[in-house]
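Undergrad: Here is my input, please return the structure:
(one chain, ligands or ions: 1)
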Amino acid sequence: MSVHDEVLAAAKDMLRLGLTAGTSGNVSGRLEDGHVVITPSSVPYEDMVLADLVVLDADGKVVEGTRAPSSEKLVHLAAYQRYPEVGSVIHAHPVYASMFAVAREPIPCVIDEFAVYVGGDVPCAEYAMTGTPELGEQAADCLADRGSALLANHGTVTVSGSVEGALHQLGVVERAAQIIWGARALGKVAELPEETNATLSGYYRMLRQRQG
Ligand SMILES: [Zn+2]
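TA: Numbers count the residues shown, from 1 in each chain. Model prediction:
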């Protein structure tokens, strides 16, 4: 499967899994030559085909494709530029994680699996308006040792070594946000022991470097 195929498949899966709605969100992958293949702006995921994908250079210039690239391309490019081990970026608007983004509150790392895939609490980036270079920089600031970050009053951004990994991780984050929301309704969220967090976030850092 080429990176183009993986990006298209993940975009369709993201909609199917309810991790985004309408044409919101976007998926990208880094190509071997350093260019980035990304989903286009305003094309419904159900109708999207390989020819709709757009290839960008590191400055965001379109080098392949006829569509307009996603309006959040700068969020993707900032993560690739900052972290050479990152091979895929997904920006989405999943409901439960976005609730934390609106509250501007981190999603706490209170589930074992979450620590392994995400590396710790999902931090909330400083607010910056959609489509601006500041939004990309604020998000990238949060992703040094975490697989995901919240974009204040907006949604999520997830980075991984592979497209498949990024989609899986997005699902882990959304599910955790839903579980924590429910646990809070029950009245209590117990923290993981410090030792568990330290050990599992260490696995995350190891995995992230190995994927690069
Ligand atoms: Zn968005």
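
Undergrad: farthest residue from the center of the protein?
TA: What lies farthest from the middle of the chain is residue 187; by C-alpha atoms, centre = their mean that is 29.2 Å.

Undergrad: show me where the chain has strands.
TA: Assigned by DSSP state E, the chain shows strands spanning 26-30, 36-38, 54-56, 62-64, 88-92, 124-125, 148-151, 155-160.

Undergrad: strand partners of the third one, parallel vs antiparallel please.
TA: By that I understand strand 54-56. strand 36-38 (antiparallel), strand 62-64 (antiparallel) (DSSP bridges).

Undergrad: And the pLDDT at residue 207?
TA: On the pLDDT scale, residue 207 is placed at 86.

Undergrad: residue contacts, it?
TA: 116, 161 (C-beta atoms under 8 Å, 6 or more residues apart in numbering). All C-beta spots, glycine's among them, are computed from the backbone N, C-alpha and C.

Undergrad: Contact partners for residue 124?
TA: Residue 124 touches 100-101, 104-106, 142, 149-152, counting by C-beta under 8 Å, 6+ apart.

Undergrad: quick check, nearest of those residues to residue 161?
TA: Ranked by distance to residue 161 (C-beta to C-beta), the contacts of residue 124 are led by residue 149 at 16.8 Å.

Undergrad: Show me the helices in the protein, by range?
TA: Using DSSP state H, the helices of the chain run over 3-16, 73-82, 95-103, 112-118, 133-141, 163-186, 194-211.

Undergrad: Tell me how many other residues surround the closest residue to residue 30 other than its chain neighbours.
TA: Nearest residue to residue 30 in three dimensions, chain neighbours excluded: residue 87, at 5.0 Å (C-beta to C-beta, 6 or more residues apart in numbering). For residue 87, the count of nearby residues is 22 (other C-beta atoms under 10 Å).

Undergrad: Also residue 58?
TA: If you count neighbours by other C-beta under 10 Å, residue 58 ends up with 11.
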